[in-house]
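Colleague: I need the structure of the sequence given here:
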Amino acid sequence: MAHSPAFHLMPTQEIEVVSREELAGNRALLARVDELLDRARLGREALNSTYIEIGIALDEVENTKAWMEVARTYDSYIKDHCEVRFGKSWTQLYAYRSAAKYLLPHVSAKQLVEIGATKAAPLAQYAKRHDGQLPESLIESASNPNVGVEEFKATVAETQNENPEKGKWFQIPGFFVTPEEKEEIERGLSRAGDVKPLPEDCPEWLKTKITVQRMVAEFLSTYPCTENG
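Modeller: Predicted structure coming up:
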């Protein structure tokens, strides 16, 4: 007896026919996403690779429209379903998915998982800024376990000709913040950048450097150091 096809009702009220095999595959994919989100939320195994696995799975969910099983739109699937299960902001989920979107044309899923989220993020940003192009040298550097994250970020900046001055790459340590603290910090950084116009075509790393230097200079001028520090 032949199986009848299943039907999906699109948000625009259009009917899309989905075979039983595709339906089963979509449900298995959604279950895989849930399993990865649970693993990440509970801090199990290597999170650097788990985050990228989430991005790869979410990219497939969008491409196959598997999200239609549980949500009216892909955005609502991410925000209303995945974020709750993930336990962190939906913006991070979009970042992982974006890394998969821009890097999978250049590397295999297995290689991308080995690269991990921390290196995949700057690598994907490079591909995004250069119309999807990615030098083989950057892929090799990202795949090299002996190249640290900060060293790799410096390599990406140099490849983009963003190294107009001498010095070593300096990464300001990250820290946890509440939404209110994040908003206040971003407002302060924005204000520091507005006091005096930034250079035209200023890369992101240089914007951060200039604004941080302005804030540091303002603080040191207000609270100058004494002989005892």
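Colleague: now the helices for this protein?
Modeller: Ranges of helices in the chain, per DSSP state H, are 20-41, 47-64, 74-76, 83-86, 90-103, 109-115, 117-129, 136-143, 149-159, 179-194, 204-222.
Colleague: Figure out which of the ones you listed is closest to residue 172.
Modeller: helix 204-222 (7.1 Å; C-beta to C-beta). All C-beta atoms are positioned from the backbone trio N, CA, C, and that covers glycine.
Colleague: quick one: that closest one to chain centroid distance?
Modeller: Remark: helix 204-222 is offset 25 Å from the chain centroid, using C-alpha atoms, centre = their mean, to the nearest Å.
Colleague: Pull out the buried positions in it.
Modeller: 205, 206, 209, 210, 211, 214 (16 or more other C-beta atoms under 10 Å).
Colleague: the inter-axis angle of it versus helix 117-129?
Modeller: 110 degrees (axes from the mean of the first three to the mean of the last three C-alpha atoms, to 10 degrees).
Colleague: contacts for helix 204-222?
Modeller: 157, 162, 172, 188, 189, 192, 193, 195, 196, 198, 199, 202 (C-beta atoms under 8 Å, 6 or more residues apart in numbering).
Colleague: which one of those residues is nearest residue 73?
Modeller: Using C-beta to C-beta, residue 189 is the member of the contacts of helix 204-222 that sits closest to residue 73, with 32.0 Å.
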